[in-house]
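1. Sequence and predicted structure, then a few things I'm wondering about:
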Amino acid sequence: MKQRPSPWMTEELQLLADTASRFFEREAVPNDARWRAQHVGDRDYWNKLGAAGLLCLSIPEEYGGGGGDFRHDAVFLHAQMRAMVGGGSNNVHSAIVAHYILGYGTEAQKRRWLPKMASGEMVAAIAMTEPGAGTDLQALRTSARRDGDHYVINGSKTFITNGWHADLVCVVARTGTEKGGKGLSIIVVETKGQQGYRHGPLLDKIGQHSTDTCELFFDEMRVPCEQLLGAEEGRGFAQLMSQLPRERLIVATGGVATMQRAVEETLAYVSQRKVFGETLMKMQNTRFKLAECQTHATIAQSFVDDCIVRATKGELDLPTSAMAKWWVSEMVCKVIDECLQLFGGYGYMNEYPIARMYADARVGRIYGGSNEVMKELIARSMETQALG
């Protein structure tokens, strides 16, 4: 079934989608199996992305970016998810970290880091999660104490996407003595030659094998105070809360593309696979299951399209982004599971895209804030409205 066009899509955005799709077919698809095997993409892949103008698409041109908005990030992500390739997370690099720097950095910080991120000279990561603190950001323990004109950072972070290749890491650390979120700040670390900084081995994940993930360790790491994001300590928690709706919409946007690819792969398979002399598509159970999956995918696209329009206008609120994140990530897993079942034993083989989708999609219910926390955020908003 042909997908309806998104109401926010333009001719310019369609050209970007075509460019991104051709880039992935040329530079990523031929390397994907090798990247999956080694659990990390090639470092020069980032430079190729930069040379093609596909990094920092929603960052202003004056800082080396593409001058677009969230729609441009969404188009890139959709093309990538449809191609089912990794090699590194441009979502984290361009759509998340770059916007922390753009939104809260000083002018000098923006001009220092954003052009290098746009060219691929620097690969960026954000270090929030710790071994003992994930979704509960107020429980973070990594410390940053002032010593003259430097911060001395101690602690560790885990599950850090892009951590292996990262040249630039936004580290969330406790700069104050206040409990909870009040004492948190974001300090930007340039990792090349940085004493006291190291990353651990690549983590062996269930899925998303071609996107590097590792632990980071800070041992008396001295970072100039001028690399505090913005000009004021203790603003980290507010900065994180302001940007998280964008991150959650990214999860939902990728989920829509994955659902569409899953249904298409399955429709093609059941249309040619024969059982008892008939194609699987002729069987009522197959038809009903695919009808359900297509319905979920269509509803998800409509919901996410509305969220993208809101985000483009700067009107996407936290509860709505939480709804999109939890519901779409749940539906992705449900749809892929139903589709995989129709493949029978072949659906369990990694040579089939549906098997890789099954493993890759599961983390969507965890990262960006667990779905249980998303529901709590929605409920709090409802409670506040009820108490009025």
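-> Structure received. Remember, it's a predicted structure, so these values are computed and weren't measured experimentally. Numbers count the residues shown, from 1 in each chain.
2. from what I can see Y352 touches L342, true?
-> No: Y352 is not in contact with L342 according to C-beta atoms under 8 Å; the separation is 11.4 Å. No exception for glycine: its C-beta is placed from N, CA and C like everyone else's.
3. So those two - more neighbours on which side?
-> Set side by side, Y352 and L342 show more neighbours around L342, with 23 against 16, by other C-beta atoms under 10 Å.
4. pretty sure that one belongs to a helix, no?
-> Yes: L342 forms part of a helix when assessed by DSSP: H, G, I helix; E, B strand; the rest coil.
5. what's near enough to touch it?
-> By C-beta atoms under 8 Å, 6 or more residues apart in numbering, the residues touching L342 are 266, 269-270, 280, 286, 289-290.
6. May I ask which helix or strand of the chain has the lowest mean pLDDT?
-> The least trusted helix or strand in the chain, going by mean pLDDT, DSSP states H and E, turns out to be strand 274-275, with a mean of 89.
7. what's stretch 142-160 in contact with?
-> Stretch 142-160 has contacts (C-beta under 8 Å, 6+ apart) with 125-131, 134, 141, 163, 166, 169, 171-175, 185, 187, 189, 196, 199, 203, 213-228, 367.
8. what ranges do the helices span in the stretch 251-388 of the chain?
-> 284-312, 318-343, 353-361, 371-387 (DSSP state H, counting those that start in this stretch).
9. One more: the stretch 101-250 of the chain?
-> Under DSSP H, counting those that start in this stretch, the stretch 101-250 of the chain gives helices at 107-119, 236-272.
10. Out of those helices, which gets the lowest mean score?
-> Across the helices of the stretch 101-250 of the chain, helix 236-272 has the smallest mean pLDDT, namely a mean of 95.
11. Measure how buried P201 is and give me the count.
-> For P201, using other C-beta under 10 Å, the count is 9.
12. Let me see the contact set for it.
-> By C-beta under 8 Å, 6+ apart, the residues touching P201 are C214.
13. Tell me the spacing between it and A359.
-> Noted for P201: a distance of 20 Å to A359, by C-beta to C-beta, to the nearest Å.
14. Same question for L140.
-> Distance, L140 to A359, by C-beta to C-beta: 29 Å.
15. that older thread, can you say which of the helices of the stretch 101-250 of the chain is nearest to L13?
-> helix 236-272 (13.3 Å; C-beta to C-beta).
16. Quick one: distance of the closest one to the chain centre.
-> Helix 236-272 sits 9 Å away from the centroid of its parent chain (C-alpha atoms, centre = their mean, to the nearest Å).
17. Which strands and helices lie in contact with it?
-> helix 70-83, helix 98-104, strand 168-174, strand 184-190, strand 278-279, helix 284-312, helix 318-343, helix 353-361 (3 or more C-beta pairs under 8 Å, 6 or more residues apart in numbering; DSSP states H and E).
18. Please say which of L140 and A359 ends up with more neighbours.
-> Shown here are L140 and A359; by other C-beta under 10 Å, L140 has more neighbours (25 against 15).
19. That one reaches S185, doesn't it?
-> No: the pair L140 / S185 is not scored as a contact, 10.7 Å apart, by C-beta under 8 Å.
20. Kindly provide the distance from the closest residue to K157 other than its chain neighbours to A173.
-> In space, and not counting its chain neighbours, K157 is closest to A127: 3.9 Å by C-beta to C-beta, 6 or more residues apart in numbering. As judged by C-beta to C-beta, A127 and A173 stand 9 Å apart.
21. Might you list the low-confidence residue ranges for the stretch 51-200 of the chain?
-> Per-residue confidence for the stretch 51-200 of the chain (pLDDT under 70) gives these ranges: 134-135.
22. Let me know how buried the closest residue to A311 other than its chain neighbours is, in neighbour terms.
-> The spatially closest residue to A311, leaving aside those adjacent along the chain, is F70, at 4.5 Å (C-beta to C-beta, 6+ apart). F70: 25 surrounding residues under other C-beta under 10 Å.
23. quick thing: my sequence starts at 55, can you match it?
-> Sure thing, new numbering starts at 55, so read that last one as F124.
24. Can you check which residues contact both of L194 and S239?
-> Common neighbours of L194 and S239, using C-beta under 8 Å, 6+ apart, are 226-228.
25. Let's see if you can find the most crowded of those.
-> A227 (27 neighbours).
26. For G159, see how far away G119 is.
-> From G119 to G159 the distance is 13 Å (C-beta to C-beta).
27. Once you drop chain neighbours, what's closest to the residue sitting nearest the centre point of the chain?
-> In the chain, the residue lying closest to the centroid (C-alpha atoms, centre = their mean) is N145, at 4.4 Å. Distances taken as C-beta to C-beta, 6+ apart put I304 closest to N145, at 5.2 Å, once the chain neighbours are dropped.
28. No further queries at this time; thank you.
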